[in-house]
Each structure stands twice: as C-alpha cells, then as structure tokens.
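[1] the sequence and its predicted three-dimensional model are supplied below.
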Amino acid sequence: MALQKRWKLSSAVAVVLAVGLGFVCFAATARPPVATPEPPQSTDAQQSIFTLPEALSDQARRRPIAVPNVPREFYFTRAAYTGYYRFRDFRSWSVDFPKADRQFLIGLRRLTNLDAYEAENAVPLTDPDLNKYPFLYTVEVGYMALSEAEVVGLRRYLHAGGFLVIDDFWGSFEWENFQNQLQRILPGYPIVDLPLDHPIFNCFYNVQEIVQVPNVGQGMQGGPTWESDGYYPAVKGVFDEQGRLMVVINWNTDLGDAWEWAENPYYPLKFSTYAYQMGVNFIIYAMSH
C-alpha cells in the first residue's frame, strides 16, 4: 500500500477548498448504517441515560456500501455508545457528527493514498461487525455510561488488535468519569503520557508540539482555548502486555471541531493544521501496526 504520497498540509488553500467543496458534495450523502444494540435494563438510576435506540435514527441504521460496491481499505469508524444526558436531545458520542467525519475524510483522501470510504461510519460497541474496522474514534467520554455489553464489546475489540482514539473531553470531572469507564473496559491497565518521540507523532507528519485545539466559538473569538479546568492539553496512551498501543487519549483538546470547521475562514488555520496532522498520523499508525 503506497502511503508515502505526501501533500503538504501547509498548502492552506488546497486543504480548505478540498474540505469546503467536498462537504458540499457529501451533504446529500445518505448516512451509513448503524446497527442498534440492546439498551441497558431500565432502572430509576438509569433514567438519565441516553440509550442507543434513542440516539440513532432509522436512516442511520444501514450498513455502509462503498461505491461501486467494492470494499475499501479504510473506514473512519465512530463508536456509538450509551451516555448520560447533558441537555435535551444531546448524544455525547455524536458531537460534530457527521460533518467532522466527512470533512476529515476529504483531507485524509487528499493527503494520503489510503483508499478510504468517503462518508461516516458509526458503529455501536455491541455490533458483531465492530472488529472489521481496525480504527475507532470516539468523543465526549466524560459523559460515557457504558452498558456491560458495551464494555465487553470494546474490550474484545481492543484485545483483538483494534485501535481506539479518544477526543474532545475536558477537565478533571470528565477525566474522572472516563477513568472509571476505562477501568471497566481494561482493568489494571495504566494510562501513560506519550512522549513526542513516540512514532505516533512522526509516522507521517512530524508533530513537534501538542497543541490545545479549542471549540469553534472560542477559536474564532481568539480564546481562551481551554474548557472547564482543562488548561493543559495532553496526549496519553494505553498499551497492552506486548507493548502495542491500543488507546490514544486526546485530553483537553478538540480535534473534531477543527476538522468540522476547517473551511471557516475565521477558525484559525494553526488548529486545523494540527488536527489534520494528528488525525492522519493516528490512522497511518493504526493501519501499519
């Protein structure tokens, strides 16, 4: 697989035009299928839980079909999971969905030779087909509240060789909830800081600094870049017993917003540049390890 065709991300005009025009082309694309797992059993304590059957529309329950019906090398797969309400109709797994996924894919296809499916692909953690997708992206894990079936499904996925990227959660409160959920999934596995000399920072683009990427509103108004008490960005990881990186954790940063708003001339280019570089590196690393 020829992955070394490199288009300079510093060519801002090319990327912004590709993203902006590409989103217009994909705006009418039917949302790919998502199978719905069984919800957790209802209890009084779970009445604040937003279950997956509520979260997924009928239009979103079909399986993705690659045009022209030929399997692709890569599907940008988003984990659909059970989470707490944050406000009415809020679904934590679906923040920035599907625009961020679609626009990132436009950049991925332009910047690499990877044969990537052009549209989003949301898959529940209980879906038996989850292991078909070696790369999994999820957001807002500060509001994650997994059912036991989802815990088992994600644990099985990671131990089978899957690669999970976590994004867009902020501060100590959300970190504590995420840690609790991760200990259910991978009990006893430590979370460690990834040093900048780790291959994930240079397997395609040479990233020399961890940048805090703000949401679109704060980015366009010039800051602040943090939310809650998440003042400092971090990239952390979880390794298996053989030293394989299973989970990458982007804490106190929002790569998804930078993908979603890359075509907006008021959103600073430095944030979108970093977000695309990191996203491409994550995928190249996942597909080559």
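    That came through, no problem.

[2] quick check: which ranges of this protein have low pLDDT?
    Along the chain, segments meeting pLDDT under 70 span 1-70, 85-90.

[3] what about the strands in it?
    Secondary structure of the chain (DSSP state E): strands at 49-50, 77-80, 83-84, 121-124, 135-139, 163-167, 192-193, 234-239, 245-251.

[4] which strands or helices does the third one pack on?
    Contacts defined by 3 or more CB pairs under 8 Å, 6 or more residues apart in numbering; DSSP states H and E place strand 83-84 against strand 49-50. Every C-beta, even on glycine, is put in place using the N, C-alpha and C of the backbone.

[5] returning to that earlier point: would you list the strands of the chain in TSV and tack on distance to residue 157?
    Supplementary listing: those in TSV, determined by distance: least, CB to CB, whole Å:
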stretch	distance to residue 157
strand 49-50	22
strand 77-80	9
strand 83-84	18
strand 121-124	10
strand 135-139	7
strand 163-167	8
strand 192-193	21
strand 234-239	13
strand 245-251	9
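
[6] can you say which of those is nearest to residue 146?
    With CB to CB, the closest approach to residue 146 among those belongs to strand 83-84: 8.5 Å.

[7] how far does that closest one sit from its chain's centre?
    In terms of CA atoms, centre = their mean, to the nearest Å, the centre of strand 83-84 is found 17 Å from the chain centre.

[8] stretch 84-104 now?
    In this view, stretch 84-104 has its centroid 11 Å away from the chain centroid, taken as CA atoms, centre = their mean.

[9] ok, residue 160 - how many residues close by?
    For residue 160, the neighbour count with other CB atoms under 10 Å is 10.

[10] next up, the contacts around it.
    By CB atoms under 8 Å, 6 or more residues apart in numbering, residue 160 lies in contact with residue 131.

[11] one step back: tabulate the strands of the chain (TSV), appending distance to residue 271 and mean neighbour count.
    Formatted as TSV, the strands of the chain follow (distance: least, CB to CB, whole Å; neighbours: other CB atoms under 10 Å):
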stretch	distance to residue 271	mean neighbour count
strand 49-50	29	20
strand 77-80	21	25
strand 83-84	25	21
strand 121-124	24	24
strand 135-139	16	22
strand 163-167	13	23
strand 192-193	22	12
strand 234-239	15	17
strand 245-251	13	21
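
[12] fine by me, we can end here.
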